[in-house]
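Q: Generate coordinates for the sequence data below:
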Amino acid sequence: MIGKKGLEIYEYCIMSSHIHMLCKVTDGFTLSDVIRDFKKFTSKKKLSGLAKKLIKAI
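A: As a prediction, this is how the structure comes out:
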């Protein structure tokens, strides 16, 4: 993700309802913009996976 969005991730822990992350924003990016884009990307992936599971269940 560093090359595209300016985020260096050092450590992370995925929980059932949230994520803990130690990260650094690189030059030219703001933390709020990076977090917004990260949330947007992960929510789309989550919804896509949920949709696939629902289609399989039908």
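Q: Assign Asp27 to one of the three secondary structure states.
A: Three-state secondary structure (criterion: DSSP: H, G, I helix; E, B strand; the rest coil) places Asp27 in coil.
Q: let's have the chain start at 653 instead
A: Will do, 653 is the new start, and the previous item becomes Asp679.
Q: Name all residues that make contact with the nearest residue to it once chain neighbours are set aside.
A: Ranked by Cβ to Cβ, 6 or more residues apart in numbering and with sequence neighbours excluded, the top spatial neighbour of Asp679 is Gly658, at 7.5 Å. Every C-beta, even on glycine, is put in place using the N, C-alpha and C of the backbone. Contacts for Gly658 (Cβ atoms under 8 Å, 6 or more residues apart in numbering) come out as 677-681, 686.
Q: what do you get for Tyr662?
A: 674-676.
Q: Report the distance from the top helix by length along the chain to the chain centre.
A: The single longest helix within the chain, with elements called by DSSP state H, is helix 683-709. What separates the centre of helix 683-709 from the centre of its chain is 8 Å, taken as Cα atoms, centre = their mean, to the nearest Å.
Q: Which neighbouring elements make contact with that helix?
A: When contacts are defined as 3 or more Cβ pairs under 8 Å, 6 or more residues apart in numbering; DSSP states H and E, helix 683-709 packs onto helix 654-657.
Q: what mean pLDDT does the helix it packs on have?
A: Across helix 654-657, pLDDT averages out at 62.
Q: Please apply the same query to stretch 665-672.
A: Rounded mean pLDDT across stretch 665-672 is 87.
Q: what's in contact with it?
A: For stretch 665-672, using Cβ under 8 Å, 6+ apart, the contacting residues are 664, 673.
Q: Could you rerun that using 10 Å?
A: Stretch 665-672 has contacts (Cβ atoms under 10 Å, 6 or more residues apart in numbering) with 663-664, 673-674, 690-691, 694.
Q: In that stretch, which residues are buried?
A: Within stretch 665-672, no residue is scored as buried using 16 or more other Cβ atoms under 10 Å.
Q: Restricting to C-alpha, output it in CSV.
A: What follows is stretch 665-672, C-alpha atoms only, in CSV (Å, rounded to 0.1, in the frame of the first residue of the first chain):
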residue,chain,number,x,y,z
CYS,A,665,-4.2,-7.2,14.5
ILE,A,666,-7.6,-7.9,13.0
MET,A,667,-10.4,-8.3,15.5
SER,A,668,-14.0,-9.4,14.9
SER,A,669,-15.3,-5.9,14.7
HIS,A,670,-12.3,-3.6,14.2
ILE,A,671,-8.5,-3.5,13.5
HIS,A,672,-5.5,-2.3,15.5
